[in-house]
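Visitor: Take this sequence and fold it.
(chains A, B and C)
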Amino acid sequence: MAASLVRSTLGCQFARFLRPSLITAAGQTQSQRGVKRYMRAYLKELYNRRLRVGPEKLRHRSEFMNWNYNAEIYAFGKRLGEEFSNDSLQAAFTHRSYIEAEEARRADLGIDVASAPLGLTDNSELTQKGEETASRYIKAYLRSSYPTMFEEAIVAIHDHLMSDDTLSHIASHIGIGDLMLCSDFPPEESTLSKNFLAVVGALETDKGVKRAESLVRDLVLAQLVGKELMELWSVTNPMGLLMAVLDSQGRGPPEPRLQWQAGQRTIMAVYQVGIYSDKQLIGQSAGERVTIAEDMAAQDALQRMMGIGSGHMPLTFRTEADKMELRYDPKNISAEELMQTYELRQKENSVS
Amino acid sequence: MATQRVLQWRAFARTWWLYDAANQCPFVSAYRVVPYLQGKHKPIFHPLSDVGDHVVVINTKDIAMQADYWRTFTFFHHTGYPGGFSKASAWRVHEIDPTRVMQLSVYSRIKGNLLRKGLMRRLHLFPDDKIPDEILENVSDQIRQVQPVAKRLDQYSEEEVTEFPKFFDWPEDFVKDGYKRHMTRKKPKRRYTV
Amino acid sequence: MSNRAIPNAFVKNVLQNGLGRYICQLQRVTLNFCKATPSSLGTRDFIEKYLVDFTRENPGTVVYVKPIRNRAPFLVAEYLNGRQERVSTKDMPADEVCKWLEHLRTRSGAQIVNLRKEWLTNTPSTQGVWHPFLNKNPSLAGTSFPAPELYGAKTESKSATDMVLEEAGVKKVGSVDSASSKE
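Guide: Model prediction:
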């Protein structure tokens, strides 16, 4: 009863210390009957002093006793299911900033850098290699998965996947954060993403392009699953693009029609717009206002043309993906070009 | 994100239903209307999800009570204070406020939980068919009536009446008002005055 | 029962693990034990008999063995998401330590909380989510309300008037069929 009263008055965090148990000099715990009232003020003061000092200093994992760098590096490779050579993996985790910091430290200590070189190679080469491979593969994979997708959309998705946000998120969740040799701590996003690309480059050096591409697919391209691909590409004028596309295909112009509406005069108004071309429904969506609904319907039409959105095939992984025939160089149709040709044609028609 | 946003907006859209209460029993109508207020007609229904629709009831002044309910059905009310009990027949309540009978029948049909007041706010009652434009523009669907309304004799055209097939007629010497001799009453029947 | 105040979460799979390749989320495990005290007997047995096999089967997990004098034995598992789990192996026999290690190996490292839903899916609906306009007749969009001829009560049986007219062989007036066909 008394203990629960104490707990309620002082807050649940602090009351943990008021559990009736006594630690003797021998380090054994002995239960005691209740807690003396004078203990409360003393423990409260201790608790507040500890809070005032601040939280524990953030330490790198290597500062703790149970750390074996070589074992960690080896485990990293095995965790990904790949066989790396130790040299390339070591190089992948060594950043330029670390080498510079080390050399500066040695110079401070008076060690001649020329006579006793560090013998470390940084990961700039591997990063570049990895970046090229990853970039090339992502674009090829997307082009093959979505042959009718506009090149701008592919580039937008590629940029999203290769951004620091995505790559650093992936890197931190496969254990790169602890293994990196760099001057910054806590690790910055850019460093993590560079390190990840260096790992890809290292795998390419050791096992070839195919295995590196497989790694990129399993870790990077897998992040697209569950994402709205249309969100990653911002189209400023979806209706204009739709007009251009239909014109290039020799189909009728897009005609938006209001299909349904509900609660017109309320704040929860809903409008459903369908876009028709040659009296065939090509896109349909809803919105809070008619303009929004029309915009979304145009985006829906574009989505269906590109083969993305709900109801379309998911991305391929594993053995199926290994068998994919990739289009590395030929690019997909460009939305910009389509719109320009359409505008020219419109001008010619108006002139004639 | 935007696609999901608009699709969710559409899924949770509130429809405004119209219900014509002319010549309909208010209690049976309430039985018909309440599921729409609750949202039970939707597969996404959950009582705590607030998926109910609006219902606009028109012509409440023309509702029809069964048997002699206009006279015998009593609405009770207690203010909560001592001596605050009162009662009124359906015809009396209808006289004072032509939408009240419909309102009370819907109110008592809904379960007496905390959601009831919210549901009642989405019920819009009008004594005749004059609805404000703001509300009529929202209406996008209609609920079927519960009772078939028979056509009155004066609603038939003269040709239809005269041309209606006749299978039987009284004999010429038959006295049509003969039954009235047995139906006279000397003392007038006591009527309810409440 | 279930309460908003009780910690809960949806199932999550970080980095879509398993979609491409499966990455064991156990980054490193530390076995702390005492070389002498009887409470660490099981842990010592485990280290002698089963630990090396464990390391061979799981090359992606770094195993540290840390003897501490006069302390109760425990395992510390560190996961790729940065979380740690401690399991006290005090007085446990070797096979129980095995089981606990197996449990830690197969975890994702996420905190154990009440799951709000047992599954996680990116495609919750195959035919599309319901919306109020889904199964409505398109002619409804063009109807002006009120529409009394469309929404009168349906009568299943024929009225007396209809029966009389049918008997007489006259065309029906205000028939049942026209009302029901509009629905």
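Visitor: Residues of chain B that sit close to chain A?
Guide: B:1-4, B:6-7, B:9-10, B:13-16, B:54, B:134-135, B:137-138, B:140 (C-beta under 8 Å from any C-beta of the partner chain). To be clear about C-beta, it is placed using only N, CA and C from the backbone, and glycine gets the same treatment.
Visitor: Only the buried members of those residues: can you turn that into a ChimeraX selection?
Guide: Buried residues within these, by 16 or more other C-beta atoms under 10 Å in any protein chain shown, are selected in ChimeraX with:
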select /B:3,6,7,9,10,13,14,15,16,54,135,137,138,140
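Visitor: Next step: the residues of chain B next to chain A restricted to helices.
Guide: Among these, the members found in helices (DSSP state H) are B:2, B:3, B:4, B:6, B:7, B:9, B:10, B:134, B:135, B:137, B:138.
Visitor: which residue is nearest the centroid of chain C?
Guide: residue C:119 (2.0 Å; C-alpha atoms, centre = their mean).
Visitor: Over to it: give its phi and psi.
Guide: phi -130, psi 170 (degrees, to the nearest 10).
Visitor: Next: residue B:89.
Guide: Torsion angles at residue B:89 (phi, psi; degrees, to the nearest 10) stand at phi -70, psi 160.
Visitor: Quick check, pLDDT for residue 152.
Guide: If you meant another chain, say so; for now it's chain A. You'll see residue A:152 listed with a pLDDT of 95.
Visitor: that's the wrong chain, I meant chain C
Guide: pLDDT, residue C:152: 93.
Visitor: All the helices of chain B, residue numbers only.
Guide: Secondary structure of chain B (DSSP H): helices at B:2-11, B:26-38, B:69-72, B:90-96, B:100-109, B:116-121, B:133-138, B:158-163.
Visitor: Other residues contacting the shortest one?
Guide: Right, the one you point to is helix B:69-72. B:89, B:90, B:91, B:94, B:191, B:192 (C-beta atoms under 8 Å, 6 or more residues apart in numbering or on different chains).
Visitor: Greatest separation within the residues you listed: which pair is it?
Guide: B:94 and B:191 (16.5 Å; C-beta to C-beta).
Visitor: of these two, who's got more company?
Guide: residue B:94 (22 against 6; other C-beta atoms under 10 Å in any protein chain shown).
Visitor: For the chain, give me the ranges with low pLDDT.
Guide: Unless you meant another one, I'm taking chain A. By pLDDT under 70, the weakly predicted segments of chain A are A:1-22, A:25, A:27.
Visitor: wrong one, chain C
Guide: Chain C contains residues with pLDDT under 70 at C:1-2, C:170-183.
Visitor: domains for it, by residue range?
Guide: According to automatic domain parsing, chain C comprises the domains C:8-115, C:149-181.
Visitor: Quick one, which of these gets closest to residue A:108.
Guide: domain C:8-115 (32.6 Å).
Visitor: Tell me the gap between the closest one and the middle of its chain.
Guide: 25 Å (C-alpha atoms, centre = their mean, to the nearest Å).
Visitor: what do you get for stretch A:70-87?
Guide: Distance of stretch A:70-87 from its chain centroid, counting by C-alpha atoms, centre = their mean, is 23 Å.
Visitor: Is chain C within reach of it?
Guide: Yes - for stretch A:70-87 and chain C, the contact criterion (C-beta under 8 Å from any C-beta) is met by A:71, A:72, A:74, A:75, A:76, A:78, A:79, A:80, A:81.
Visitor: Next up, the contacts around residue C:10.
Guide: C:115, C:116, C:117, C:120.
Visitor: now, among these, which is nearest to chain A?
Guide: Nearest to chain A among those is residue C:120, at 9.3 Å by C-beta to the nearest C-beta.
Visitor: For the closest one, list the residues it contacts.
Guide: Residue C:120 touches C:10, C:11, C:12, C:13, counting by C-beta under 8 Å, 6+ apart.
Visitor: Next, work out how far apart the closest residue to the last one other than its chain neighbours and chain B are.
Guide: Nearest in space to residue C:13, with sequence neighbours left out and distances taken as C-beta to C-beta, 6 or more residues apart in numbering or on different chains, is residue C:120 at 6.3 Å. Using C-beta to the nearest C-beta, to the nearest Å, residue C:120 is found at 17 Å from chain B.
Visitor: Assumed residue C:120 was part of a helix.
Guide: No - looking at residue C:120 with DSSP: H, G, I helix; E, B strand; the rest coil, it is coil, so not inside a helix.
Visitor: Phi, psi for it please.
Guide: phi -130, psi 130.
Visitor: Pull the number of nearby residues for residue A:220.
Guide: Neighbours around residue A:220, by other C-beta under 10 Å: 24.
Visitor: Might one say that it is in contact with residue A:135?
Guide: No - the pair residue A:220 / residue A:135 is not scored as a contact, 10.3 Å apart, by C-beta atoms under 8 Å.
Visitor: quick one: buried residues of the helix or strand harbouring residue A:244?
Guide: Per DSSP states H and E: residue A:244 is located in helix A:238-248. By neighbour count with 16+ other C-beta under 10 Å, helix A:238-248 contains the buried residues A:238, A:239, A:240, A:241, A:242, A:243, A:244, A:245, A:246, A:247.
Visitor: among the helices of chain B, which is nearest residue A:183?
Guide: Using C-beta to C-beta, those put helix B:2-11 closest to residue A:183, at 41.3 Å.
Visitor: What lies in contact with that closest one?
Guide: Counting by C-beta under 8 Å, 6+ apart, A:228, A:230-231, A:268, A:270, A:272, A:285-288, A:292-293, A:296, A:299-300, A:303, A:309, B:44, C:129-133 sit against helix B:2-11.
Visitor: State the mean pLDDT of it.
Guide: The average pLDDT for helix B:2-11 rounds to 94.
Visitor: residues touching the closest residue to residue A:82 other than its chain neighbours, list them.
Guide: Once flanking residues are discounted, residue A:82 sits nearest to residue A:203: 5.8 Å by C-beta to C-beta, 6+ apart. Residue A:203 makes contacts with A:82, A:84, A:211, A:212, A:215, as judged by C-beta under 8 Å, 6+ apart.
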